[in-house]
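> Pasted the sequence and its predicted model underneath.
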Amino acid sequence: MTISIHCYSMTCGISCVDKTLNKSFYHLGICIAKHPGYFVIIPVMITLLCMTGYQQLKYQIDPEYLFSPINGEGKAERALVEQYFKVNYTHRFNVGRITRPGRFGRVIVIPKDGDDNMLRREVFMELRQLDNLIQNASTIYDGETFTYKDICARWENECFENDILNLDALMDDIESGQLNLTFPIMFNPVTWDAHAFPVFFGGTKLTEDNYIISVPAIQLVYFVTADTKRQDAKGGEWEETFLKVVGKAEKSGMFKHISVSYFASRTLDHELEKNTKTVVPYFSSTFLLMGLFSIITCMMGDAVRSKPFLGLMGNISAIMATLAAFGLAMYCGIEFIGINLAAPFLMIGIGIDDTFVMLAGWRRTPAKMPVHERMAHMMSEAAVSITITSVTDFISFLIGIISPFRSVKIFCTYSVFAVCFTFMWHITFFAACMAISGYRERRNLHAIFGCKVKPLSVAIKEKRNFLYKAIMAGGIDPNDPDNPVDNKDHMLMAFFKDKLASVINNKWCKIFIIFAFASYLAGACYGVTQIKEGLERRKLSREDSYSVEFFDREDDYYREFPYRMQVIIAGPLNYSDPEVQEQIENLTSTLEHTSYVTSSLYTESWLRSFLSFMERNSDYLNETIDDEQSFIDAVKDHWLFPGNPFSLDVRLNQDETQIIASRFLIQAVNITDTNHEKEMVRDLRKICKDSPLNASIFHPYFVFFDQFELVRPVSLQAMVIGAIIMMIISFVFIPNILCSLWVAFSVISIELGVAGYMALWDVNLDSISMINLIMCIGFSVDFTAHICYTYMSSKKRSPKARVREALHSLGLPIVQGSSSTILGIIALLLAQSYIFLVFFKMVFLVIFFGAMHGLFLLPVLLSLFGPGSWLTWTGRDDGSEDEVDNSAADMKLANVIEKPFVQSYYMQYPSMGLNGPYAYGSKGFLGAPFKAYGGDEKDQGLGTSGEDSSESSSSRSQRRQQLANNAAAAEKAWRQSSYQNIYGSGAAQFQPQPDLYGQQVSAAEWRQRLDAHEQQHQRNKQRRNLYENYNQDMQRPIRRNSHGDVIDLRTPTPSSSLDERMRRQYQQALSAASGDDSSYRQQSEQSPAPLANSSAKRYHRRRSSEDSTRFHQRWPANIEERRARRAHSPTQRHSQSHSYTAETAAVAANFAHRSSSHHNLYQQSSKITHQQPTYLYGDY
C-alpha cells in the first residue's frame, strides 16, 4: 500500500506501460515456475533451428560496399563518367582516366643501403630484376596458366609498362651529371618515351630550374584487364600471385640495395578478413573470463542462497541468444561482415547485466515464499529494469539501421536481432534456470554439491566445526526465519551506503566533484574541436600488415601529387561557340587557381590544346572552326586519332554531328590528410556546381571521400534523435518529468564526453566510430536512469538519506554492470585491429563515464537541485531517516480503495492467490501486483548479486509496523467486508463478486475453493503431525509457532490469525478427548432456542474466519469484548459440553479467554491496543 500511495502522488498519468509490464511478468513468472522444463527445452531447440541459417552465410568484405555512403555523390559522378567514358582495359587503357581501382599491383621502392638517391645504376638493376620477377610470375586459374603479359591492361595492343625503367639506358650520363632530368616531364632521347616523373618519382628534390637532384622513392604499377567477370577473377588470382612473389622476395633478402613495399586492390579485402580472424581466437578466452566473473560475482557466503551456476547460465543464455539471432538474420539474407563479431562481446555484457537484475529481484523476495510466487515477484520487479535496458539498446541500434553506410546498417541490424533474442532468452531460458535453482534452495540444498545442509544459526547451535559453517551451512531455519545470523547484509552494499555516501554528502567533496565535472566538460569540448573525420585506409589493416608500410611510404613520398582528377562536362554543347569555349576555359582556370590544384602545366585539356594547335597552324591547315560541324570535323581529323589519349576525352553522338560530353584532367597537389581531402572535394564540387556548365569533378577515391561529408551530420543527427527518444522512453517507463530531464542531461553529457575524449584518444569520426556513438546512446541510459529513479522515488525527506538509499540500492550493481561490460570487450583490445580497438575505446568511455555519472555526479546534482534541496542549501540537512508526510495521499487513496469493496464478501487483499503474509501488501508500482511482500519496497533498478539484500528481523518489524499505520486509513472501507455473504442469507450471496483482476466469481464458487483448500490443509497438517506435544506447548506462557513467530498467550491482543489457529487446536483437542469429530458442532445444535440463531451465526462466522485466515492476514481484534461474549453463558456452555479429562480441562482453561468471531474483529473499544500482527506463511 505504501508503494501505491507514493506512486499515486508521483505518477503523471502514464502508468499503463508499467502496469502492463508488471502484471504480464508476474503471470509469466508463475508459468515458468510451474513448467520450467518447457522454458529450458524450447529456447534450446529454437537456437539449434536458427543456427542452421549459417548455411546461408553471405560474407561481405568489399571496402567500397561497406564504408562508402550508399547514395554518395561520388557514386553518382562515377555513373556519369562511365555513361560517357567507360574504361576499356583491353585496348585503350590510360591510368589517369580510370573510374574504378580495377585489378592492379603497386610497389614503392626506397633504398636501404643508406643512400637516399634512387638514381643509381645498382638500384635500377635491382628494379629491373624486380620487374622481371613480377612480369614472369606464373598464375593458374581454372586450369589456365598465364603471366602478367597475358592479362595486362593495354594501350593500342601494347601492355601498360613502367617506362621509367628505360632510364637505365641513361644512368651513366645521369650519375656523371652529363644529363639532367627535367621535372615534371622529359622525353627520353634514346627510347623517345615521355616520362611523367610525378607518376613514378616520390619526394623529388629539385633545383630552382626544376632539375632533379635526388629521388628517394620510385613507384611501379601493374594493371591487368577487368572488363568481364572472368577477367576480373583472373586478375584477382594474379594479384594473389603478385603479393606472394613480391613478399617472398622482400622477406628473403633478395635485394641488397632496395626495400620494397607492396599493395594490391585485394589488400583491403584481405585485411578486413584478417581483422575477423584475429578476434575469433579470443572468443573462448572471453567466454571463460566472463563465466569466471559471473560465477564469482553470483557466489556468496550462504551455501544455499549462493547462485554460482546461475551466473554461468546467464553467459550461456546470452551466447545462445546471439547464435540464434545471427542465424535468423542470415536466413533473412542479410550479409555478414567482420565487424559483427564485436556484437557477441557486447551481448554478453548486456546479458550479464540482466542476470544481476533478476538475481537481485530474487534475493529481495522472502525466502519463506513458495517458489512460484518468488518467481512471480522477481519477474515483476525486474520487468522495468531489464525492459528499459533492452528497449534503449534496441532503439539506439534501430537508429543506426537508417545510416547511409552499409557497415553501420549491417552491424546494427544484427545487433537489433541479438538484443531482442537476449531479452527473450533471459526472461524464458534463464528464468527457468532460476526456477530450478529456486526449488533447490527451497529444499535447502547446497548450491554446488546438492546435498541438504543446515542453516548457519542451527550449525552454530549444534556447534558444528568451522569448515562446515564456512562452506556447507546456509539457508534459513523454518523455525526462526528472521534470525539475523541467516540474514546478513552484504558488506559492499554497506560500504556504498555508509562510506561512499558519507563522502559524497560532504560539502567539500561536492565542490570537488562539481569542479571535476567542469574539468571533464572542458576537456570534452576541447576534444570535440580536435575531431578528425574519415576512415584512413591504413586503419583498416592490422599493425603488423605489409600494407601499413606501403601506406606510410605513400603518405611520406606521394602526397605532393596524389590525385589525377577528371572534370566532366555533360550534355550537348556547341563547342565552336566562343562563349562556350570561354566558359570551359574559365572553369578550368578557376580550378587551377585553387590551393588544391597545381599549375596548368599538369592539366590535360583537349579543348585548350586543340585550340592552341589550330591557332598555331591556321595558315598551314587553312581550316575554319567557326561553325559546329567544321569544328567537329577538325577535331576528328587532327586531334581524336586513335593514338592520342585525348580521343578518350570527347564523346560524340551516334551521327557524330555533335559533342554530347567531354572531360579534361587536373592534378591535385599537397593534400596532407583526410580533413584536407574533405575540404578539397567540397570546394571543387562547389566550383563545378556554380559554373553555367553541367560540370562534375571525379576521382575513384571520391567514392570513399564522401564519408567525410556525411559522417559528422549523420552522427550528430543520430545523437540528438537518440537523446530525445531516450528521454521519452525514460518518461514512459519512469513517469516523472524531472527524472526524465536528468536522464536526458546525463545522456548528452556522456555523449559529449565520448565524442570529445575519443578524439584525444586518437579515434577519428568515421563509420566505425559512428557505430559506437549510436550504440553508446543506449548504453548511457542504463546507470543514470535507474539512479535518478531510485533517488526521485525515495520517501526520505533528507537529501543525504536519499543519497544513502540510492547508493545502497545501486552502488554495487553499477560497479558489477560496468565491470562485466568492460570484461566482455577486453578481448577486442588484444586483437590489434583498429576496428575492434575503436569498439573497445568507445565502449570503455561510455561505460566509465556512465558509472561516474551514476555514482558521483548525479547524487550530488540531485541533492543540490532535487527534492528537498532547500535543506542542503540552508544547511539544515541532518541526514535523518524521516519520511515525507503522505497523510493527504493516504486519505485520498483510502477513498479510492473504499469504493470497490462495498459489495465484497471477503477481505480485499489484491494478491494473485497469495497465502498468509504475501496478501497484506497492496498492488505494487502503479498498481501492478508485485512486491506484496514488502510494503515500502520499490524497484531498485539494476539490482545486485551480493550475498543477501534481505533485511534483518528488526528492520522487517519496523516495516510491518509502518505498514499497519498506513493501513489505518483504509481500515474503515475494509470493515464493510462480511463473510456472511458466503454462508448467510440474502440476495448478496447470489451475486457474483469480483476477484483480484475483476473476474466475476460467485459466493458458491468461492466457498467451494475455500472448502477444497481446507481439506488439503487438514491432510497436510495430519501428515506433518505438528502438534504432537500439544499439552506441553499450550502450558507455556510464551511459545513459537511453526514458523518461529513469538506467541504470547498472556497478551490481551493477539492477532485474529493466531486466534483462529489456536481455536482449531482447541477443536482438535476436544475431538480427541471425546472421540467424536462433530462434537463441537453438536453443541450449537443442542443449545436452547433463544441462543440457537446466535450460535449458528457464530459458527458461520467462525468457519468463514477460519477459511479466510489461510488466505489473508488479520488486523488485531478487540479481545476484551470477545472475552466478554465468550463468558456470556458459562453454565449453559458447560452443561452442553462433554466430560473432560484433567488434561483437556487445562487446555480449555487456556482457551477460555479466546474467540475467533470475525464479527468482533471490528467492534470499537476504548481499551483496544494495537499490536503488530504476526504474519503466517503458506504451508508449502
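Happy to help now that I have it.
> which residues of the stretch 151-300 of the chain fall in strands?
Shown for the stretch 151-300 of the chain, the strands assigned by DSSP state E, counting those that start in this stretch span residues 154-155, 158-159, 185-187, 194-196, 201-202, 205-206, 212-214, 217-224, 258-264.
> The closest residue to S396 other than its chain neighbours - how many residues pack around it?
Leaving aside its chain neighbours, S396 sits nearest to G778 (3.3 Å; criterion: C-beta to C-beta, 6 or more residues apart in numbering). C-beta: built from backbone N, CA, C; applies to glycine. Other residues lying near G778 total 28 when counted by other C-beta atoms under 10 Å.
> mind listing what G778 touches?
392-397, 722, 726 (C-beta atoms under 8 Å, 6 or more residues apart in numbering).
> likewise L693?
If you count contacts by C-beta under 8 Å, 6+ apart, then L693 has 569, 573, 583-584, 587 around it.
> At which residues are the helices of the stretch 251-400 of the chain located?
For the stretch 251-400 of the chain, helices defined by DSSP state H, counting those that start in this stretch occupy the ranges 267-279, 282-298, 308-331, 343-363, 371-401.
> Turn those into CSV, including mean pLDDT, distance to W238 and mean neighbour count.
As requested, the helices of the stretch 251-400 of the chain are exported to CSV (pLDDT from 0 to 100; distance: least, C-beta to C-beta, whole Å; neighbours: other C-beta atoms under 10 Å):
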stretch, mean pLDDT, distance to W238, mean neighbour count
helix 267-279, 83, 14, 20
helix 282-298, 85, 34, 18
helix 308-331, 93, 32, 24
helix 343-363, 83, 36, 27
helix 371-401, 87, 38, 25
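> possible to save these as CSV with distance to D18?
Shown next, in CSV, are the helices of the stretch 251-400 of the chain (distance: least, C-beta to C-beta, whole Å):
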stretch, distance to D18
helix 267-279, 40
helix 282-298, 28
helix 308-331, 25
helix 343-363, 15
helix 371-401, 6
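> List just the one of those that sits closest to P481.
Nearest of these to P481, taken as C-beta to C-beta: helix 371-401 at 13.7 Å.
> State the next helix or strand along the chain beyond that closest one.
Downstream of helix 371-401, the next assigned helix or strand under DSSP states H and E is helix 406-425.
> Who are the packing partners of that following helix?
In terms of contacts (3 or more C-beta pairs under 8 Å, 6 or more residues apart in numbering; DSSP states H and E), helix 406-425 is packed against helix 63-67, helix 308-331, helix 343-363, helix 371-401, helix 767-792.
> ok, the residue lying closest to Y331 once chain neighbours are set aside - contacts?
Leaving aside its chain neighbours, Y331 sits nearest to G53 (3.9 Å; criterion: C-beta to C-beta, 6+ apart). Residues in contact with G53, defined by C-beta under 8 Å, 6+ apart, are 326-331.
> quick one: which of those is nearest T413?
Taking the contacts of G53 together and measuring to T413 by C-beta to C-beta, the closest member is A329, at 6.5 Å.
> wait, isn't the closest one in contact with S415?
No - between A329 and S415 there is no contact under C-beta atoms under 8 Å: 9.8 Å.
> For P713, grab the count of nearby residues.
Residues near P713, counting by other C-beta under 10 Å: 9.
> Tell me where the stretch 1-150 of the chain has helices.
2-10, 16-34, 36-51, 63-67, 73-84, 121-135, 148-151.
> The ones you listed: which one's closest to F345?
Per C-beta to C-beta, nearest to F345 of these: helix 36-51, 18.6 Å.
> Give me the residue at the spatial middle of the chain.
D393 (4.3 Å; C-alpha atoms, centre = their mean).
> can I see the domain layout of the chain?
Domain assignment of the chain by the TED database yields the ranges 102-264, 273-453+489-529+709-869, 454-488, 555-700.
> Now the last one: average pLDDT?
Model confidence over domain 555-700, given as mean pLDDT, is 90.
> Check the offset of it from the chain's centre.
The chain centre lies 52 Å from the centre of domain 555-700; the measure is C-alpha atoms, centre = their mean, to the nearest Å.
> Straight-line length of that domain, end to end?
18 Å (C-alpha to C-alpha, to the nearest Å).
> How about the first one?
With C-alpha to C-alpha as the measure, domain 102-264 spans 10 Å from end to end.
> The longest one too?
One end of domain 273-453+489-529+709-869 sits 56 Å from the other (C-alpha to C-alpha).
> cool, stretch 106-116 as well?
Stretch 106-116 end-to-end distance (C-alpha to C-alpha) = 20 Å.
> List the buried residues in it.
Buried residues in stretch 106-116, counted by 16 or more other C-beta atoms under 10 Å: 106-111.
> Check stretch 594-607 too.
For stretch 594-607, using 16+ other C-beta under 10 Å, the buried residues are 596-598, 602-607.
> low-confidence ranges in the stretch 151-300 of the chain?
The stretch 151-300 of the chain contains no residues with pLDDT under 70.
> Assign a three-state SS to R682, would you?
helix (DSSP: H, G, I helix; E, B strand; the rest coil).
> That one contacts L710, doesn't it?
No - if you go by C-beta under 8 Å, R682 and L710 don't touch, sitting 11.6 Å apart.
> quick one, which of the two is more surrounded?
Legend: neighbour count by other C-beta under 10 Å for R682 and L710, higher for L710 (21 against 12).
> Tell me what F187 is bridged to.
Here F187 sits in beta bridges with A194, as judged by DSSP bridges.
> from memory it sits against H195, does it?
Yes - with contacts counted by C-beta under 8 Å, F187 reaches H195, the gap being 7.5 Å.
> between those two, who's got more neighbours?
Neighbour tally, F187 and H195, criterion other C-beta under 10 Å: the higher count belongs to H195, 20 against 11.
> Could you measure from that one over to Q667?
Between H195 and Q667 the computed distance is 16 Å (C-beta to C-beta, to the nearest Å).
> Just to be sure, I666 is in a strand?
Yes - assessed by three-state DSSP, I666 belongs to a strand.
> ok, what's across the strand from it?
Here I666, judged by DSSP bridges, has bridge partners M565.
> chain center to stretch 412-426, what's the gap?
In terms of C-alpha atoms, centre = their mean, the centre of stretch 412-426 is set 9 Å apart from its chain centre.
> So for S950, what's the pLDDT?
pLDDT at S950 comes out at 38.
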